[in-house]
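Student: Let's see this in three dimensions:
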Amino acid sequence: MQLAGKTALVTGSTSGIGLAVARALALAGAKVMLNGSRSAAEAEPLRAQLAAETGAGIGYTPANLALGSSARQLVEATIAAFGGLDILVNNAGIQHVAALDAFPDETWDQLIAINLSSVFHTTKAALPGMKANGWGRIINIASAHGVVASPFKAPYTASKHAVVGLTKSVALEVAEQGITCNAVCPGYVRTPLVEKQVVDQARVHNLPEDRVIREVILAAQPSKRFVEADEVAAFVTFLCSEAARSVTGSVQLIDGGWTAR
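Tutor: Modelled structure (predicted):
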């Protein structure tokens, strides 16, 4: 129970990587605020199930992370519910696959707002309390696309590169205050977001989905297997521990060797 007494907020945590991270932090002893776009009533079965499974205090707050005010209110709601916020995991993100000259303007705005601007807003709101306590962990779930690029993903790649840069700057600003800030950059993880990418890439490349997985999605991932969400969650939990107190401003790749080429 290395995180007993700590409180965590994980954005976009009703499925995929976010839910795996929330579960891992709760099993390590932290109280966890879940977040998603569902109403509180719709999310209640998931919240109750996770609380029963882990024995931890689990809350849920919906938020439209495309709005800066909602992102800030999410942090405020976590502090109000649990009395503080020690760990912030910025996981929420969206994806859209298209050539840049065919990319919808409104989708660009939404993608940047959720993938990048929400990280700014939640981090800004969380830092005062972390500074006052002299302890904090900020982990931004970026992507291998935070360090490399792929065609038809220019806005997503731009947002994740920016998250990596934001991570480094925040780490430098708070390095003497007991707060760490790191970016975790997974390769392809089998999540609802990736399932949608399979469909989108099949459309773009005019290929069946099984060939898209083998020849497009995992073509650059030497391990030739999807990263498991639990692997990412275990690494995030380590970054929250005292053993990782000197790990800050780092870009942690969990990509099956993708970026080693």
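
Student: Could I get the average pLDDT for stretch 17-28?
Tutor: Computed over stretch 17-28, the mean pLDDT rounds to 98.

Student: For that stretch, what is the distance to the chain centroid?
Tutor: Here stretch 17-28 is found 12 Å from its chain centre; the criterion is Cα atoms, centre = their mean, to the nearest Å.

Student: contacts for that stretch?
Tutor: For stretch 17-28, contacts defined as Cβ atoms under 8 Å, 6 or more residues apart in numbering pick out 1-4, 8, 10-13, 32, 34-35, 46, 50, 53-56, 58, 87, 89, 91-92, 141, 186, 189, 191, 229-230, 232-234, 236-237, 240. The way it works is simple: take the backbone N, C-alpha and C, and place the C-beta from them, glycine included.

Student: List buried residues within those residues.
Tutor: Buried subset of the contacts of stretch 17-28 (neighbour count, 16 or more other Cβ atoms under 10 Å): 3, 8, 10-13, 32, 34-35, 46, 50, 54, 56, 58, 87, 89, 91-92, 141, 186, 189, 191, 229, 232-233, 236-237, 240.

Student: Report the buried residues of the host helix or strand of V170.
Tutor: Per DSSP states H and E, V170 falls inside helix 154-173. Within helix 154-173, the residues that qualify as buried are 155-164, 166-168, 170-171, counting by 16+ other Cβ under 10 Å.

Student: Tell me how far the lowest-mean-pLDDT helix or strand in the chain lies from the chain's centre.
Tutor: The helix or strand of the chain with the poorest confidence is helix 192-205; it has a mean of 83 (mean pLDDT, DSSP states H and E). In terms of Cα atoms, centre = their mean, the centre of helix 192-205 is found 20 Å from the chain centre.

Student: what separates whatever helix or strand comes next after that helix from the chain centre, distance-wise?
Tutor: Sequence order places helix 209-212 as the next helix or strand after helix 192-205, per DSSP H and E. Relative to its chain's centre, helix 209-212 lies at 26 Å (Cα atoms, centre = their mean).

Student: Mind exporting the C-alpha coordinates of the next helix or strand after helix 209-212 to PDB?
Tutor: Going down the chain from helix 209-212, the next helix or strand is helix 229-240, by DSSP H and E. Output in PDB follows, covering the C-alpha atoms of helix 229-240 (Å, rounded to 0.1, in the frame of the first residue of the first chain):
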ATOM      1  CA  ALA A 229      -3.000  -1.300 -20.400                       C
ATOM      2  CA  ASP A 230      -1.900  -3.000 -17.100                       C
ATOM      3  CA  GLU A 231       1.700  -2.600 -18.200                       C
ATOM      4  CA  VAL A 232       1.200   1.200 -18.500                       C
ATOM      5  CA  ALA A 233      -0.600   1.300 -15.200                       C
ATOM      6  CA  ALA A 234       2.200  -0.500 -13.400                       C
ATOM      7  CA  PHE A 235       4.700   2.000 -14.700                       C
ATOM      8  CA  VAL A 236       2.600   4.900 -13.700                       C
ATOM      9  CA  THR A 237       2.300   3.500 -10.200                       C
ATOM     10  CA  PHE A 238       6.100   3.200 -10.000                       C
ATOM     11  CA  LEU A 239       6.400   6.900 -11.000                       C
ATOM     12  CA  CYS A 240       4.100   7.800  -8.100                       C
END
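
Student: would P128 count as being in a helix?
Tutor: Yes - assessed with DSSP: H, G, I helix; E, B strand; the rest coil, P128 lies in a helix.

Student: okay, now it: neighbour count?
Tutor: As a burial measure, P128 scores 12 neighbours (other Cβ atoms under 10 Å).

Student: and the gap between it and G83?
Tutor: Counting by Cβ to Cβ, to the nearest Å, the separation of P128 from G83 is 15 Å.

Student: what's the answer for P45, then?
Tutor: Separation of P45 from G83 (Cβ to Cβ) stands at 26 Å.

Student: cool, and R38?
Tutor: Relative to G83, R38 is positioned 25 Å away (Cβ to Cβ).
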